[in-house]
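**Q** predicted coordinates and the sequence they were generated for:
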Amino acid sequence: MAVTETRKTSLGPKGGDDGGMGYLQSLPRRVVTVYLPLLIFVFVLLFPFYWMAVTSVKPNEQMTNFNDYSPFWVIGPTLEHFRYLLFDTSYPGWLWNTILISAGSTFLSLLAAVFAAYAIERLRFSGSRQVGLAIFLAYLVPPSILFIPLSVMVFRLGLYDTPFALILTYPTFLVPFCTWLLMGYFRSIPFELEECALIDGASRWQILTKIILPLSVPGLISAGIFAFTLSWNEFIYALTFIQSSENKTVPVGVLTELVRSDVYEWGALMAGALIGSLPVVILYSFFVEHYVSSMTGAVKE
Amino acid sequence: MASTTASTKGTSSRLAGLTESRGWLSAWFMLPAAALLLVFLTYPLGLGVWLGFTDARIGRPGIFIGLENYEYLWDDSVFWLSVFNTLLYTTVASILKFVLGLWLALILNENLPLKSFFRAIVLLPWVVPTVLSAIAFWWIFDSQFSIISWALIEMGIIDQRINFLGDPTNARASVIAANVWRGIPFVAITLLAGLQTIPQSLYEAATLDGAGRWQLFRYVTLPLLTPIIAITMTFSVLFTFTDFQLIYVLTRGGPVNATHLMATLSFQRGISGGQLGEGAAIAVAMIPFLLSAILFSYFGLQRRKWQQGGGD
């Protein structure tokens, strides 16, 4: 009985390799073991975003008056906090800085990573394995032990309080990550393609630009999105190396400039957090499959 | 299979050797990455160790003072408290992230409607900038207007507001909760990817042999998942150990240093306090912990490969 049932299900349109052995469970049991916990997980994981969004459109008088207004809902939503944020603070400037810095450091890191990954994975120079391992170890060096010596360097180089301080230091964690990811990607491209090109008289440069790079566009997109998100989210370097308000990035600006000592502008803070999260969330939603596969791929390597 | 790859590698390298000097080309190709990493990663790492032996301050290059910074820290109760906090924070948060992340991965691995949708939204906490979601938690943990306190009071579970970030024990629990919230998606999604590589036929075979759900998990899922668990948890432990952002936003190390981690203490002493040398010494003190975590997982993994009959 069980056998025929199994066979039937595995022949079904969904296939047996996809969903575990859920078909052996009765519905009430599935509700308790799967749907209910899933619902709780989703609720807990998403509630802070909901709370962020609700707070950002709440008029100030409802913000702390839980007795007259239900805190979970908002009556007469207002865009006042967004208006304040965009016209009365330096927020648009922070947004622009963050875009510029993230794009710059992503570009720089991708450029360096493509060459490095190609050399390690395909040129296979002597010692390439060791270099590959060193790059992996470089990824494990956390920013929290580098920010003090880097701040000394940034100061000596005259980069303190400029975007270049961040564009040049973000590659310390982006280059290892992108290289590692692209190495895995290049490995999946068949050697035969390169051999054919070599026989036809192509140079290594031509092979890289005409064969390898066009084939690894998905890998480049993954690495690019990841690098962009990581630099967008970076905090400790941006906090340490930037001082003046107009040069700050979004995470640092929201935390250091919008928080006043006496009264917290919760509406504006939440609006700032919301707008600051939006670009990476949009980017993420467009490339969700790339994102997931590169994240899991990078760990599995 | 192995012999064909070996032979193709052989021909390709011979061909490459005939056409171009690979050594020079490789050197040129490695140059940008190597330059960036040597200048902004390796050099600062060395500089950090050196700064730990000096009395440098902001605006004043220090002189060599030997182990004085470390001697001072050895007698500093706040430093030891931060070490304790860091270990507590890392241990508790990592265990919770592992258990809850694995649970979520197992749920998502079931045959669900809207599976890819759930997988996508579950990752959101990990995608959003930590500082910005931490600000949301700051508001959730507000001492007077916390939504959690309000909801629990309305439900009649507690009768006065919880002082989330003002009381040492509560503050520790709160920052750990926020860290776990942010870390679950990463663990869950990577473990889910691992779960999907386990062949379904193994489960079917085990079921035919009469294995129950727990036995399936214990004797099929867990052993096959161990390598990816080890790597995921190594990353998770390293990132939790060196965490800075959450604490900086939520408590700045307070109340009474109860949530100071080594990274936040290093920032407070080194940058806010201007004692670069002392801050660098605290950062250097993190290195042995990080190294032992990496070595532990590396040798743990090696042994497992060897036990499974080597290869790869």
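**A** In hand now; what should we look at?

**Q** show me the domain layout of chain A.
**A** A:22-78, A:90-300 (automatic domain parsing).

**Q** just for the stretch 1-150 of chain A, where's the confidence low?
**A** Along the stretch 1-150 of chain A, segments meeting pLDDT under 70 span A:1-25.

**Q** about what we covered before: can you say which of the domains of chain A is nearest to chain B?
**A** With C-beta to the nearest C-beta as the criterion, chain B lies closest to domain A:90-300 of the domains of chain A, at 3.5 Å. Where you see a C-beta, it was placed from the backbone N, CA and C, and this is true even at glycine.

**Q** so which of the domains of chain A is the most packed in?
**A** domain A:90-300 (a mean of 20; mean count of other C-beta atoms under 10 Å in any protein chain shown).

**Q** now do the same contact list for the residue nearest to the spatial centre of chain A.
**A** By C-alpha atoms, centre = their mean, chain A has its centre lying nearest to residue A:229, at 3.2 Å. Counting by C-beta atoms under 8 Å, 6 or more residues apart in numbering or on different chains, residue A:229 touches A:280, A:283-284, B:127.

**Q** out of those residues, flag the one nearest to residue A:201.
**A** Using C-beta to C-beta, residue A:283 comes nearest to residue A:201 of the contacts of residue A:229, at 40.5 Å.

**Q** hmm, that closest one is touching residue A:228, no?
**A** Yes. Contact criterion C-beta atoms under 8 Å: residue A:283 and residue A:228 qualify, at 6.7 Å.

**Q** taking chain B, what residue is nearest to chain A?
**A** residue B:111 (2.3 Å).

**Q** that residue: how many residues sit nearby?
**A** 17 (other C-beta atoms under 10 Å in any protein chain shown).

**Q** and what of the one 5 residues further on?
**A** A total of 12 residues lie near residue B:116 under the criterion other C-beta under 10 Å.

**Q** please tell me how far it sits from residue A:236.
**A** The gap separating residue B:116 from residue A:236 is 34 Å, by C-beta to C-beta, to the nearest Å.

**Q** same question, residue B:275
**A** 17 Å.

**Q** and for residue A:64?
**A** From residue A:64 to residue A:236 the distance is 32 Å (C-beta to C-beta).

**Q** check residue A:49 too.
**A** For residue A:49 relative to residue A:236 (C-beta to C-beta), the value is 24 Å.

**Q** next one: residue A:160
**A** 15 Å.

**Q** now residue B:175
**A** Taking C-beta to C-beta, one finds residue B:175 at 16 Å from residue A:236.

**Q** just residue A:40 next, same as before
**A** 33 Å.

**Q** same question, residue B:173
**A** 24 Å.

**Q** now the element after the strand or helix carrying residue B:206, going C-ward?
**A** Per DSSP states H and E, residue B:206 falls inside helix B:200-208. Scanning forward in sequence from helix B:200-208 by DSSP H and E, the next helix or strand is helix B:213-216.

**Q** from the contact counts, what lies against that following helix?
**A** Packing partners of helix B:213-216 (3 or more C-beta pairs under 8 Å, 6 or more residues apart in numbering or on different chains; DSSP states H and E): helix B:200-208.

**Q** check which residues of the helix it packs on are buried.
**A** The neighbour-count check on helix B:200-208 (16 or more other C-beta atoms under 10 Å in any protein chain shown) flags B:200, B:203-204, B:206-207 as buried.

**Q** make a markdown table out of those residues and add distance to chain A and pLDDT.
**A** Shown next, in a markdown table, are these (distance: C-beta to the nearest C-beta, whole Å; pLDDT from 0 to 100):
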| residue | distance to chain A | pLDDT |
| --- | --- | --- |
| B:200 | 4 | 87 |
| B:203 | 6 | 89 |
| B:204 | 6 | 89 |
| B:206 | 10 | 91 |
| B:207 | 7 | 89 |
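
**Q** and residue A:159, its phi and psi?
**A** phi -100, psi 0 (degrees, to the nearest 10).

**Q** measure it to residue A:175 for me?
**A** 18 Å.

**Q** and the two most separated of the contacts of residue A:229?
**A** So, those by C-beta to C-beta: farthest apart are A:283 and B:127, at 8.7 Å.

**Q** give the contact list for the residue nearest to residue A:108 when sequence neighbours are not counted.
**A** Using C-beta to C-beta, 6 or more residues apart in numbering or on different chains and skipping residues adjacent in sequence, the residue nearest residue A:108 is residue A:171, 5.7 Å away. Counting by C-beta under 8 Å, 6+ apart, residue A:171 makes contact with A:105, A:108-109, A:112, B:36-37, B:40.

**Q** at 10 Å instead, please
**A** Contacts were defined as C-beta atoms under 10 Å, 6 or more residues apart in numbering or on different chains; by that measure residue A:171 touches A:104-106, A:108-113, A:177-178, A:227, A:231, B:32-33, B:35-37, B:39-41.

**Q** state the pLDDT value of it.
**A** We have a pLDDT of 93 for residue A:171.

**Q** and residue B:4, by the same measure?
**A** Value for residue B:4, per-residue pLDDT: 43.

**Q** so who does residue 237 touch?
**A** Going with chain A. Listed by C-beta under 10 Å, 6+ apart, the contact set of residue A:237 reads A:101, A:143, A:146-147, A:150-151, A:154, A:165-166, A:169-170, A:172-173, A:231, A:249, A:252.

**Q** that's the wrong chain, I meant chain B
**A** Counting by C-beta under 10 Å, 6+ apart, residue B:237 has contacts B:90-91, B:93-94, B:97-98, B:289-290, B:293-294, B:296-297.
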